[in-house]
Every structure is written in structure tokens, then in C-alpha cells.
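**Student:** Prediction below, plus the sequence it came from.
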Amino acid sequence: MTEPRSPDEVAAGWYVFLREEPDDRELRRQFEVWLQKSPVHQQAWNEINETLGILSSAPFERKKSSVTGRGSGSAPANDRVGARRVRMASLAGAVMAACVAAFVLVPDLSLRLRADHYTQAGTTEDIHLADGSEVILAPRSALAIHINARERRISLLRGEAYFVVHHDADRPFIVTAGSVTTTDIGTAFDTRTEGDETSVAVREGAVHVSGLGGISLERELRSGDRIDVKGTRVDVGSQSPETIGLWRDGMLVSQGNTIAEMVAVLQPWTRTRIIIAHDTLATRRVSGSYDLRHPEASLQLIVHPYGGKVMSLTPWFAVVTGR
């Protein structure tokens, strides 16, 4: 999913991600490696920062002129001012493209403010709660915790989490995710929510699930049971208990899932936005095991049997095409 890109494009990408994820040490380390790799990289980085500094301090009309490239006339070929404006327009365009990508990929800042824990793309977090319960938070996920002497409540704001609950008869363990509330009866279970879709799958023990916001749902789930809610539709099914929560070990197992479903699960494990540009390919079903820690290679393996190809259009977007 990678191909050669100009230093300006890469520098623009680094500018956006470093500003949006200032505390990501691994991102900073990778940036430093890239920066020191070539004098050309250093030059591109300096020019990106210089250009943005000029644009931010210039009057509005001057910014507009710089970005659009409009002027009072054609500049001579040797006009340094004109050449500089062209250069600024090119760099500003690269930064604007990167900002569009960041708008899609970077976690919502308001979500981060509401969350007690959130994870970035490709990273998980082990959370040990004060009551002895454990939570493993999947990539690009966020949750809020409210535990006191009377109650234990968790809000999964986005993404996926695996819960191993310490039983306490006096304080039920309640997880709200999307339109579903799960009340633990002493168990290990997985919950995922994204948009209007929420799922709960039980690996051990039992839980009680109920619907919110007009969702008709009151059910007890035991080991191997799962529910999937999309909008107001509720589907109840089952799967092998040992396959529930395998993402904790970096494994993605498909048992006849569609490619669209596989991409949705794979997406949080990569910073690259994956777009399926072939409707028929999206509905194809695949079975097998894939490595979440190598999402690019796994995506290739998922789509290849149906003639699918993965094309990288920018450092942040990959398009899946089919025949």
C-alpha cells in the first residue's frame, strides 16, 4: 500500500499528524528518523513550516492570492517573488490535502475530552480497574469510567473493548455502548460500537443485554452467544467462544464475513483510510485468519482471491478496486 511520494507530501503529512498527536512518542520517533534520513527531507520540513508561518501572518486577501495563485498579471520566469508564490501554493495545497486526511483519520478531539482512556491507530491498552476487573481497549477506541462505592459503569464511546469482570453482587458491572446496555453476571465478553452498529459477544459466563432509544431488546447471552444491532434491527447468533476477542493477540478470524465487514474491523489497525471502490467486491465473503499487526499485507490477502487490488493514492488513503 505504499509507493514513492514527494518530500513535500510526506512533510505535510508529518506536520498534520504531529500537531494532532503531540504526545505520541512513537510517531515523534518515526518523524525524527525520516527527518534525518536526507537533507531533502529537512528542506521540505523547513519550507512547510515557513510557508504556513507566512500564510498565517499574512492579511486575508494576500493568503487568498497565495493559495489560488491569482495575481495582477503573468510573472516573468525569473521573477523570484512569483516563483515563491508558486512554491507556497504547492506547499499549501499539500498541507490542505493532509488536513482533509487528518479530518477523517485523527480521533475526534471532543471525544478525547470525554474519554478516560483512548487508543490510537494500531495500539491497544490494558486497563486495570480499581474493582479488580480488566479491560483491553482495541485500537482507535475510547471509553469513560465511573466506579464508586455504589456502582460500576463503563461507557464505550467508540471502538471495541474486551472485559474480564470481577463479580460483585452488590455492584453490577454495566457497560453502555451505542444503543446497547450490557449488565455483567460474572463473565468475559467483547463489545464493539461504531456509528449505529453495536455488537456484544460472550466468551465466558453470562450477561444481560437491553436496548436503548427504542431498541426492542431484552436478552441473556451465554458463552458463544452474540447480538448485533444496526439501527433498530437486532440479530442474534453464535460463534465459537475461543474466537471471541482474538484481536487481543493480533488475530483477525473470518467465518464467511464480507470484505466490507473485514475492512471495518481492519481499519482501526492502520492510519491509512481504506476505501472500497467496488460494490460487488465489498459483498464477497472470505474465510481465514489474518494478522492485524500487518494490516497492509492482510488487506492484500483478503481481496486477492477475488481479483481485488489495493492502490495507495496518498500517504493516508488506499483504494481497493476489483474486476
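**Tutor:** Alright, I've got the coordinates. Residues are numbered from 1 along each chain as shown.
**Student:** give the contact list for the most centrally placed residue in the chain.
**Tutor:** Nearest residue to the geometric centre of the chain (Cα atoms, centre = their mean): Pro268, 3.7 Å. Contact analysis of Pro268 by Cβ atoms under 8 Å, 6 or more residues apart in numbering lists Ala121, Gly122, Ala138, Pro139, Arg140, Ser141, Gly159, Glu160. Where C-beta positions appear, they are placed from N, C-alpha and C, glycine not excepted.
**Student:** again, 6 Å this time
**Tutor:** For Pro268, the contact set (Cβ atoms under 6 Å, 6 or more residues apart in numbering) comprises Pro139, Arg140.
**Student:** Could you check the pLDDT of it?
**Tutor:** We have a pLDDT of 94 for Pro268.
**Student:** Just say helix, strand or coil for it.
**Tutor:** Under DSSP: H, G, I helix; E, B strand; the rest coil, the three-state class of Pro268 is helix.
**Student:** ditto for the one 3 residues further on
**Tutor:** Per three-state DSSP, the secondary structure class of Arg271 is coil.
**Student:** excluding its backbone neighbours, what's nearest it?
**Tutor:** Leaving aside its sequence neighbours, Arg271 sits nearest to Ala121 (Cβ to Cβ, 6 or more residues apart in numbering; 4.7 Å).
**Student:** and if you look at Ala115?
**Tutor:** In space, and not counting its chain neighbours, Ala115 is closest to Ala142: 3.8 Å by Cβ to Cβ, 6+ apart.
**Student:** Distance of the residue nearest to the centre of the chain relative to Ile174?
**Tutor:** 24 Å (Cβ to Cβ, to the nearest Å).
**Student:** what's the answer for Tyr306, then?
**Tutor:** According to Cβ to Cβ, Tyr306 stands 42 Å off from Ile174.
**Student:** Glu296 now?
**Tutor:** Per Cβ to Cβ, Glu296 is found 38 Å from Ile174.
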